[in-house]
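Student: Curious how this folds, go ahead:
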Amino acid sequence: MKKATKKALKKTIIFILTIIILLALATSLYFTYYNSTDPIVIKFDKDCEWESLVPGELKLTIENDEFIIIGTDGTNTDYNELESNSCVLEIAKGDSIKTMISDLKEDLNSARDERIKQLKLDRTVIQRDVFDREELQELLEQENPEIDWPGGIISAYQLYVTPEADAVQDLANELDGIAEIYAESLDWVWMSDSMLLGEEEKWLFPQEFLTTTATLSTNPLQMIASDCEEQANALVSILIADGYDPENIRIVLGIVNFDGTVGGHAWVQVYEDDRWFDVEATAGNYYDETGFTEVDSSSIPYDYFKYHNYPSVEIWMYYNNEYFWNEITHKGNSPPHWTKESGSWLDEDLQTFQAQRPRRASADVIYPLRR
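Tutor: Numbering: from 1, shown residues only. Next up, the predicted model:
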């Protein structure tokens, strides 16, 4: 064979081998690209059979009335197929998850505003649910002179959280966990102090709230009833009696904005996974004092405000039977994490769910807040 022919054959063989290697590399890259898994966030239409469409393990579930947000892992093939599925309202993966979060916040806040209208929570501030901060403190201190405070109590507010009360203990023994206890609290009816007690502002201890308000002649419903502070104080009292650590649950006093109506209010916060979330203690029915009737205002799960921003405007103080923190003066005896503010968990959970253990953010989960 001539030398030139051998040289040409060698070039041909090298060319063919190069093509084979490039094809193998391209094939490998193709399959790697389409079969490697990445974090995916999917916003499904809640009316669809979305469960069968989830490509990987459910790592995060955020439920809303009209849609459900899923955190999972999936390949590019999964992503492309889901993108064209009519059940998928929005989908994002990798870095695009950050872009998706702002849209989801708007959706969740719109849903929150609509739910607040359904709950008619504006009745709590229209009826002046809580006094002005300074007036309230003066009132409680007049009714509870400091000389009568037990050891360890540094504020009159703390006196109204009583996990040792008989009626509180009875409910704690009957119920188990925050989901059951919160469901029980939804049976408490909101009624203004003016109607129920004949005073513009009057605080009842949990024992009195739970055992006597239903029998008052001024209570037309003959059901356990009062306004926000009684319901918040009783709810926290029962949870602590049930075994929840006082470091991880507290009452909040401050100003809220319910459907454009701004005023004083009392609600609850729970500490979990190194974060606080808000719990609305007056989400049950209320008594319409102009129409003289009980109004069914629907309800929400206890963890609703993990992902829907609670509409607080200003915080005055946090407290329970063991701890107190004045957010105005920055004084108190509370643990360091009480200085943390609550807020939506949406950003953090959607961006970090792939590194977390599987969990479901819904009302049927009892979170481990116990000692």
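Student: in this structure, which spans are helices?
Tutor: When assigned using DSSP state H, the helices of the chain occupy the ranges 3-35, 76-83, 96-119, 122-126, 133-143, 166-174, 177-185, 193-197, 206-212, 228-241, 346-352.
Student: Minimum distance to Glu327: which of those helices has it?
Tutor: Nearest to Glu327 among these is helix 133-143 (10.4 Å), distances taken as C-beta to C-beta. Bear in mind the C-beta positions are built from the backbone N, C-alpha and C, glycine included.
Student: Name the residues that touch the closest one?
Tutor: Taking contacts as C-beta atoms under 8 Å, 6 or more residues apart in numbering, the residues outside helix 133-143 that touch it are Val130, Phe131, Ala156, Tyr157, Glu201, Trp203, Leu253, Gly264, Trp316, Ile328.
Student: Cross these against strands and list the overlap.
Tutor: Among those, DSSP state E puts Leu253, Gly264, Trp316 in strands.
Student: count of residues packed around Asp122?
Tutor: Asp122 is surrounded by 18 other residues when neighbours are defined as other C-beta atoms under 10 Å.
Student: so what's it scoring on pLDDT?
Tutor: Reading off the confidence values, Asp122 has pLDDT 78.
Student: Next up, the contacts around it.
Tutor: Under the criterion of C-beta under 8 Å, 6+ apart, the contact partners of Asp122 comprise Ile116, Phe258, Asp259, Gly260, Thr261.
Student: wait, what's in contact with the first one?
Tutor: Each residue near Ile116 by C-beta under 8 Å, 6+ apart is listed here: Asp122, Phe258, Asp259, Pro311.
Student: So the closest residue to the last one other than its chain neighbours versus Asp113, what's the distance?
Tutor: Put plainly, it is Pro311. Distance criterion C-beta to C-beta, 6 or more residues apart in numbering; nearest residue to Pro311, sequence neighbours excluded, is Asn257 at 4.7 Å. For Asn257, the distance to Asp113 equals 10 Å [C-beta to C-beta, to the nearest Å].
Student: same deal with Gly177?
Tutor: Summarising the geometry, the distance separating Gly177 from Asp113, computed by C-beta to C-beta, is 29 Å.
Student: Ok, Val279 next?
Tutor: Counting by C-beta to C-beta, the gap from Val279 to Asp113 is 18 Å.
Student: which one of those two has more residues nearby?
Tutor: Each of Val279 and Asp113 has its neighbours counted (other C-beta under 10 Å); Val279 has more, 28 against 15.
Student: Next, the contact list for the residue nearest to the more buried one when sequence neighbours are not counted, please.
Tutor: Closest residue to Val279 in three dimensions, ignoring its sequence neighbours and counting by C-beta to C-beta, 6+ apart: Val268, at 4.1 Å. Val268 makes contact with Ala232, Leu235, Val236, Ile249, Arg250, Ile251, Val252, Asp278, Val279, Glu280, Ala281, according to C-beta under 8 Å, 6+ apart.
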